[in-house]
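>>> A structural model of the following input is requested.
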Amino acid sequence: MSQFTPLDRLRRPEYTGDNRCRPCTVVNLAIIAVVGAAVAVWSAVAAVVTVAVGLAVLALRGYVVPGTPRFAPRLVEPLPFDFGHTGPPRETDVLSDVGDGADEPDPDAVLESLVAAGVVETDGEQLFLNDAFREAWTDRMATLRTAEESEFLARAEAASPTDIEAQLHGDHVLLASGRDIWLRRSVAIAEITAVEALQEWDLPPEIRALAAQPLRTFLQTCPVCGGPVEESTRQDCCGGPGSVRGDPEQPVLACADCGAVVAEL
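Okay, the predicted model is just below:
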């Protein structure tokens, strides 16, 4: 049974700890201080409460003001200080990584299995996702993103190639097993439902979880909100795709509406 506290629903591990953006933190601390000073003119007690709540949110979620990663680096860049900051965690973990991670999949073999099963179709050198599979996959993503937490976790555990305990932590899903991994919610929804949809196709069970990762590169619909997916770049701060600087780090597939990254390219 998953154990978590109400605070776990508020935490954003992708924006805190080692992933915390220092410019975002500095700017938000300044904002909290200014707001606290303004409230103090009216009530000292209210000011203390305001600052305490702001600091708590900053500690748990990485920043208080929505959209901070899009403007904070620009604000601090002219200052004569090196704040330094890290980007979001790299997308190295996938559903098939659970367990001891000893077996490295053969990408060519996985693709050949998808083509043989008819999930992926070819036209010369072009690859396309079968329309029927895409429709079934999209429908399953829609049901999972709106599912109750218990159903979400049960489906995650059922889709895993090994025994795991799944837990939700904000926008991330923890798959606890011999080698614990964290999945973005967007990746988790896409891969869990891909495995489910593949059960209706002539694909060996041991290949389904391995196939979920490359299938994400065919996504046209966001697993998180249902918006359109397009090629973009991962921002070099903690705000997601769409760089605020001139040197974006990583090309990705991301949702045009909510910014959720679904695959690295």
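>>> what ranges do the strands span in the stretch 1-150 of the chain?
120-123, 126-129 (DSSP state E, counting those that start in this stretch).
>>> These: which one's closest to Tyr15?
Taking Cβ to Cβ, strand 126-129 is the member of the strands of the stretch 1-150 of the chain nearest to Tyr15, at 32.2 Å. Where C-beta positions appear, they are placed from N, C-alpha and C, glycine not excepted.
>>> Just the C-alphas of that closest one, formatted as CSV.
Only the C-alpha atoms of strand 126-129 are listed here, as CSV (Å, rounded to 0.1, in the frame of the first residue of the first chain):
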residue,chain,number,x,y,z
GLN,A,126,9.2,6.9,-43.3
LEU,A,127,7.6,5.4,-40.2
PHE,A,128,4.0,5.9,-39.2
LEU,A,129,1.9,4.8,-36.3
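>>> chain center to it: distance?
25 Å (Cα atoms, centre = their mean, to the nearest Å).
>>> Each with direction, which strands does that strand pair with?
strand 120-123 (antiparallel) (DSSP bridges).
>>> Look up the closest residue to Cys222, ignoring the ones flanking it.
Cys255 (3.6 Å; Cβ to Cβ, 6 or more residues apart in numbering).
>>> Contact partners for the one you found?
Residues near Cys255 by Cβ atoms under 8 Å, 6 or more residues apart in numbering: 186, 222, 224-225, 227-229, 262.
>>> go on, Thr146?
Per Cβ under 8 Å, 6+ apart, neighbours of Thr146: none.
>>> State the number of residues packed around Gly227.
Burial of Gly227 is recorded as 15 neighbouring residues (other Cβ atoms under 10 Å).
>>> Could you check how far Val229 is from Leu265?
As judged by Cβ to Cβ, to the nearest Å, Val229 and Leu265 stand 12 Å apart.
>>> What does the most centrally placed residue in the chain show for phi and psi?
Most central in the chain under Cα atoms, centre = their mean is Arg184, positioned 2.8 Å from the mean C-alpha point. Torsion angles at Arg184 (phi, psi; degrees, to the nearest 10) stand at phi -60, psi 150.
>>> Spatially nearest residue to Trp201, not counting backbone neighbours?
Closest residue to Trp201 apart from its sequence neighbours, by Cβ to Cβ, 6+ apart: Ala117 at 4.8 Å.
>>> is it true that that neighbour touches Glu200?
No. Applying Cβ atoms under 8 Å as the test, Ala117 and Glu200 come out as separate, 10.1 Å apart.
>>> Look at the two and report which has more neighbours.
Ala117 (17 against 11).
>>> how close does that one get to Thr68?
In terms of Cβ to Cβ, Ala117 sits 45 Å off from Thr68.
>>> Same check on Val39?
20 Å.
>>> Just want to know which of those two has more residues nearby.
Thr68 (24 against 17).
>>> Look up how far Cys21 lies from that one.
8 Å.
>>> Identify whichever of the strands of the stretch 1-150 of the chain lies nearest to Pro214.
strand 120-123 (8.6 Å).
>>> Flag every buried residue along the closest one.
Buried residues in strand 120-123, counted by 16 or more other Cβ atoms under 10 Å: Val120.
>>> and the residue nearest to Cys222, what are its bridge partners?
Cys255 has these beta-bridge partners by DSSP bridges: Val229.
>>> ok, back up a step: just the buried residues of the contacts of Cys255.
Buried among these (16+ other Cβ under 10 Å): 186, 222, 224, 229, 262.
>>> Cool, thanks, signing off.
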